[in-house]
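**Q** Sharing a model that was predicted from the sequence below.
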Amino acid sequence: MDLRQLTIRLSKQQHQNCVITFQKGQVVRRTHNSVYKDIMAACARLKAWGVRPGMRVGIWASNCYEWMIYDVALLELRALSVAFTDDFDSQSVDELFDEYSLSLLLVAASAKMHKKGRYSAAVAFLDAENQKVTAIERALPAEDEDFENTGLIFSSGSSGRLKGLSLNRRGIEESVAAFTRAADPRHDDCLLLFLPISNFQQRLMYYSALWYGFDLIVTDPPRLFRALKDLHPTILIAPPMLYEAFETRFSNLPAWKQWAARMLGGIAIRFPANSVRKRLAKKIFNDAYEALGGKMRFMVTGMAPIKRSTLDLFRLMQLPLFETYGMTEFGGISLNLPGANKPGSVGRLLPGVRVELAPDGEVIAVREHRIASTYFECADGEAEQTFIGPDRVATGDVGRFDRDGYLYLIGRKKEMIITAGGTKIHPEIPETEINACPDVACSVVVAEADTSILVAVVVPKNPEDQAARKRIQQFVDEINERHPSVALGRIIFSYLSFSRENGFLRPNLKLDRKKIAQHFLYGSAEISQAVARSV
Amino acid sequence: MEIDAKFDEKIMALIAEAVSGKFRKTKITGATHLQKELGMDSIGMLSLIFRFEELFGLDIAQLGIDINVAKLKTVDDLLAAAHQIIGKAAVAGG
């Protein structure tokens, strides 16, 4: 793949693949040929507004067809895209122009308020007619002959602070090629994108669809379920919470229906003939198949750990759901695949990726080029900690391989706890054991700062079941007997769920253990107020 | 399209379907908080809204209604939004 050739390749493609979107409630299909024409028209407009190679052009909008068109047009012109996420909602247009040295900003026509301020002449609508738009002339960086740097993106860091990443063209190309080689999409495939395009992962997918030739549905989250059901995608990439919503719906069926479906599903999966097996599963789990459009052949999840029970339910339903692992800075690292899938692992390494495990078990991802060349915005020392060589990234995750080459993530390096006895443990290990208790919805293990005593914050499944507390305590006592060196000193029961709103989950949906410890161990007033505000 | 006497009951039943494990025994009233007391995340809300569209044969986007799920905090907020959508659909349908 060569992003510099994307438009030319699109112009020469013979296949009949489409980009499908919703516009004013109607489904609109555009062939790749017409997508090519729209890209060239966008190029002409950008040039007429004065956009030149090396200029920075911001895109600040929710998902729409034009987002993709202008993004590819900027690649064609060798201008740099700056993709603003929702995190910038509180900033003014003038601030964005000044802070990121923008020459032009593209916004949705519905955001007319952005057409005010000092730079209003350099603000253009993505999806409406524009008059008198003029890009701002700025001192440009040295000529980038090979178009190595294609733009800037932002990512929610695990520290909770937004990080700015400089994109590297060759890293993007290698990442797209690796995923495409592994997932092997066909011309009759159709991939659904609904997460914000400003999150870079989505853009990799449309580069892949346009380059390799398969259908693409671009929608926004509110129309996700309609798109799934009515447009029949075959490939879906979504966070665990989407698949968990299917499990919730299943769990809310009357007990006898669940029992019958599980029993029949268990019988169906044993049929030797694949076609019979599939037909039976479709009949037994008709609601889930229908809700997913009926043609799904490859579903991927990542970004956060998925519940094992969700993976097991999808396996029972014979719906192909696979865990993947990657990092915005690096790109995809590993992926489970049909025929090469071990639930609980994040799969085998993608083509071209190598992983070295540091002495402390940290996953060091290595590939000739990575997606981000560096951070242009981050906390002090973060770039040095992450980009530890020209071809490698320290992920901060601790992992292990099994003998078949499947990668398992154990925990975050910086969340490792050293107990009072000097034993190093990853809190995810005791958490997995506690979560195996049928009365536990979820648990988080933290350590008291002064004594290093381990404390389990446990959310019971049924808050009204008083006897459950005793059973959970007994369950934890048994764990302690098995592992005396990492014994859990006490349990704190909580009926608060962990969410982004109350601050216990980070923007990247991972647990904020520090905040959980501060709230449950020390009753931090600041966090209690945040919890109260989220109600 | 009209709002009949059982309209709110139907919406309550949809909400109950979308509530996950540990929150299932929570008594659902108008003041019940969707996220905190029923554990509904953004995807759960989107799924619920789509089930509502299916149940009443509507397409909210075609009605020109922009629903911000982040602003739907309680069951009462959701009921109010549902009433508003049905009201608009009735006007659009003449």
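**A** On my side now, so go ahead.

**Q** Just the pLDDT for residue A:530.
**A** The predicted structure scores residue A:530 at 56 on the pLDDT scale.

**Q** Would you report the backbone torsion angles of the spatially most central residue of chain A?
**A** A centroid search over chain A (Cα atoms, centre = their mean) returns residue A:303, at 4.2 Å, as the residue closest to the centre. Note on residue A:303: its backbone torsions stand at phi 70, psi -40 [degrees, to the nearest 10].

**Q** what sits against the nearest residue to it once chain neighbours are set aside?
**A** Excluding its sequence neighbours, the residue lying closest to residue A:303 (Cβ to Cβ, 6 or more residues apart in numbering or on different chains) is residue A:239, at 4.8 Å. C-betas here are computed from N, CA, C, even on glycine. By Cβ atoms under 8 Å, 6 or more residues apart in numbering or on different chains, the contact set of residue A:239 is A:195, A:301-304, A:509, B:43.

**Q** Those in strands, which ones?
**A** Of the contacts of residue A:239, the ones assigned to strands by DSSP state E are residue A:301.

**Q** Could you give me the ChimeraX syntax to select whichever of the contacts of residue A:239 are buried?
**A** Here is the ChimeraX command that picks out the buried ones among these, judged by 16 or more other Cβ atoms under 10 Å in any protein chain shown:
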select /A:195,301,302,303,509 /B:43
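
**Q** can you tell me which two in the contacts of residue A:239 are farthest apart?
**A** Distance extremes for those: the farthest pair is A:302 and B:43 at 15.0 Å, using Cβ to Cβ.

**Q** Mind listing what's buried along the biggest strand by length in chain A?
**A** Longest among the strand segments of chain A by residue count, using DSSP E, is strand A:392-401. Across strand A:392-401, burial judged by 16+ other Cβ under 10 Å covers A:392-399, A:401.

**Q** Would you mind giving the residues you listed as TSV with pLDDT and distance to residue A:461 added?
**A** Supplementary listing: the buried residues of strand A:392-401 in TSV, determined by pLDDT from 0 to 100; distance: Cβ to Cβ, whole Å:
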residue	pLDDT	distance to residue A:461
A:392	92	42
A:393	94	38
A:394	94	37
A:395	93	32
A:396	90	31
A:397	91	28
A:398	91	29
A:399	93	29
A:401	96	33
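
**Q** ok now do residue A:458, which residues does it touch?
**A** A:434, A:440, A:442-443, A:472, A:491-494.

**Q** Identify the bridge partners of it.
**A** Taking DSSP bridges as the rule, residue A:458 bridges to residue A:443, residue A:493.

**Q** What parts of the stretch 201-350 of chain A come near chain B?
**A** Within reach of chain B by Cβ under 8 Å from any Cβ of the partner chain, the stretch 201-350 of chain A has these residues: A:221-226, A:229, A:239, A:241-242, A:244-245, A:247-249, A:251-252.

**Q** again, only using 10 Å
**A** Applying Cβ under 10 Å from any Cβ of the partner chain, we find that the stretch 201-350 of chain A lies next to chain B at A:220-230, A:238-249, A:251-253, A:291, A:309.

**Q** Next step: those residues restricted to helices.
**A** A:224-230, A:240-249, A:251, A:291, A:309 (DSSP state H).

**Q** Among the contacts of residue A:239, find the lowest-pLDDT one for me.
**A** residue A:509 (69).

**Q** Just give me the neighbour total for residue 74.
**A** Just going to use chain A. Residues within reach of residue A:74, counting by other Cβ atoms under 10 Å in any protein chain shown, total 27.

**Q** Sorry, I should have been clearer: chain B.
**A** 19.

**Q** Phi, psi for it please.
**A** Dihedral angles (degrees, to the nearest 10) for residue B:74: phi -120, psi 170.

**Q** For it, which residues are in contact?
**A** A:535, B:29-38, B:80 (Cβ atoms under 10 Å, 6 or more residues apart in numbering or on different chains).

**Q** likewise residue A:394?
**A** Residue A:394 touches A:327, A:329-330, A:356, A:358, A:362-365, A:384-388, A:413, counting by Cβ under 10 Å, 6+ apart.

**Q** Ok, residue B:43 next?
**A** Residue B:43 neighbours (Cβ under 10 Å, 6+ apart): A:221, A:224-225, A:238-246, A:248, B:69.

**Q** among the residues of the stretch 201-350 of chain A next to chain B, which ones are buried?
**A** Judged by 16+ other Cβ under 10 Å, buried ones among these: A:220-228, A:238-249, A:251-252, A:291.

**Q** so residue A:71 touches residue A:59, yeah?
**A** Yes: if you go by Cβ atoms under 10 Å, residue A:71 and residue A:59 touch, sitting 6.7 Å apart.

**Q** any idea of the mean pLDDT in whatever helix or strand residue A:441 lives in?
**A** Element membership of residue A:441, judged by DSSP states H and E, is strand A:440-447. For strand A:440-447, mean pLDDT is 87.

**Q** Only C-alpha atoms, please: export that strand in CSV.
**A** Coordinates of the C-alpha atoms in strand A:440-447 are reproduced here as CSV (Å, rounded to 0.1, in the frame of the first residue of the first chain):
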residue,chain,number,x,y,z
VAL,A,440,-19.4,-10.8,42.0
ALA,A,441,-20.1,-8.4,39.1
CYS,A,442,-16.6,-7.0,39.1
SER,A,443,-13.7,-6.3,41.5
VAL,A,444,-10.7,-4.0,41.7
VAL,A,445,-7.7,-4.7,43.8
VAL,A,446,-5.8,-1.8,45.3
ALA,A,447,-3.1,-1.4,47.9
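
**Q** Isn't residue A:332 up against residue A:348?
**A** No: applying Cβ under 10 Å, one finds residue A:332 not in contact with residue A:348, separated by 11.7 Å.

**Q** For the two, indicate the residue with more neighbours.
**A** The neighbour comparison of residue A:332 against residue A:348 (other Cβ under 10 Å) goes to residue A:332, with 29 against 20.
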